[in-house]
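Using only what follows, build the 3D model:
(one chain, ligands or ions: 1)
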Amino acid sequence: MGSQEKVYKNAVEIAKVLCEQKLHYGDIAIDCTMGNGNDTAFLCELVGDSGKVYAFDIQETAIENTRRLLSDYNLLERAELILDGHQNVDKYVTSKVKFVIFNLGYLPKGDHRVVTKTETTLPAIEKCLNLLQKNGVIILVLYPGHESGTEEKKNIVEYVSNLPQKEYSVSHLHFLNQINNPPELVCIEKVKD
Ligand SMILES: C[S@@+](CC[C@H](N)C(=O)[O-])C[C@H]1O[C@@H](n2cnc3c(N)ncnc32)[C@H](O)[C@@H]1O
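Predicted structure coming up:
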């Protein structure tokens, strides 16, 4: 039994565990960085057939790849795929949501020039905070291993560190003994409305 227990080796794995713990049947969630749709599909499975997932990306290929993936797993009806920046999230989502994920940076096998940027990520986080229901969570996976990611991480950590403690519980996880600036995780939980 003990030998089968999982060792968490990166921020993405821990993000998934938090996701599983928080997101339940019928919930509404947002994937702010759709990419190839892996996170969107995961969220769709968790919210079940009475839930809903809004997913955003600025690349047409992201929409196409995600549509294909969801349709392969019969999950397409649970999702709304939106070709627009997450900074415009409030134009599309008006109900309160339980869970939001940002998997920042660029698509590893995609166009590395299309990367998330502080000037759009921060307004998106702020808007998602307003959409979050009580006990809802925003997860950010940060990639400080590339140049603009270092800057983005610095700005995000500074911003979330200043959120009022009475309203939000904010944590930051980073692996201390891994080389090459591994991904980090920020978790924001809404304590009260
Ligand atoms: C690390 S990838 C996401 C990986 C994805 N979650 C998956 O499961 O495959 C980051 C994505 O963010 C997208 N992106 C960049 N700026 C954006 C913005 N302003 N709004 C929405 N998506 C954005 C990129 O196009 C890229 O697909």
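
Show me what from the protein comes close to the ligand.
Neighbours of the ligand within the chain, by CB under 6 Å from any ligand atom: 32-33, 35-39, 56-59, 62, 85-87, 103, 105-107, 114, 116, 120. C-betas here are computed from N, CA, C, even on glycine.

so of those residues, which ones are in helices?
Among these, the members falling in helices (DSSP state H) are 38-39, 62, 120.

Of these, select the buried ones using a PyMOL command.
To isolate the buried subset of those in PyMOL, counting by 16 or more other CB atoms under 10 Å, use the following:
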select buried, resi 38+39+62
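
can I get the ones in helices among the residues of the chain next to the ligand in a markdown table with pLDDT?
Below are those laid out as a markdown table (pLDDT from 0 to 100):
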| residue | pLDDT |
| --- | --- |
| Asn38 | 97 |
| Asp39 | 97 |
| Ala62 | 96 |
| Thr120 | 98 |
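
any idea which of the ones in helices among the residues of the chain next to the ligand is closest to Leu132?
Asp39 (17.4 Å; CB to CB).

all strands for the protein, in order.
Per DSSP state E, the chain carries strands over the ranges 28-31, 52-57, 79-83, 97-103, 132-142, 168-173, 184-190.

May I see those arranged in JSON lines, with mean neighbour count and mean pLDDT as well?
Output for the strands of the chain, formatted as JSON lines (neighbours: other CB atoms under 10 Å; pLDDT from 0 to 100):
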{"stretch": "strand 28-31", "mean neighbour count": "27", "mean pLDDT": "98"}
{"stretch": "strand 52-57", "mean neighbour count": "25", "mean pLDDT": "98"}
{"stretch": "strand 79-83", "mean neighbour count": "18", "mean pLDDT": "98"}
{"stretch": "strand 97-103", "mean neighbour count": "24", "mean pLDDT": "98"}
{"stretch": "strand 132-142", "mean neighbour count": "21", "mean pLDDT": "97"}
{"stretch": "strand 168-173", "mean neighbour count": "15", "mean pLDDT": "98"}
{"stretch": "strand 184-190", "mean neighbour count": "21", "mean pLDDT": "98"}
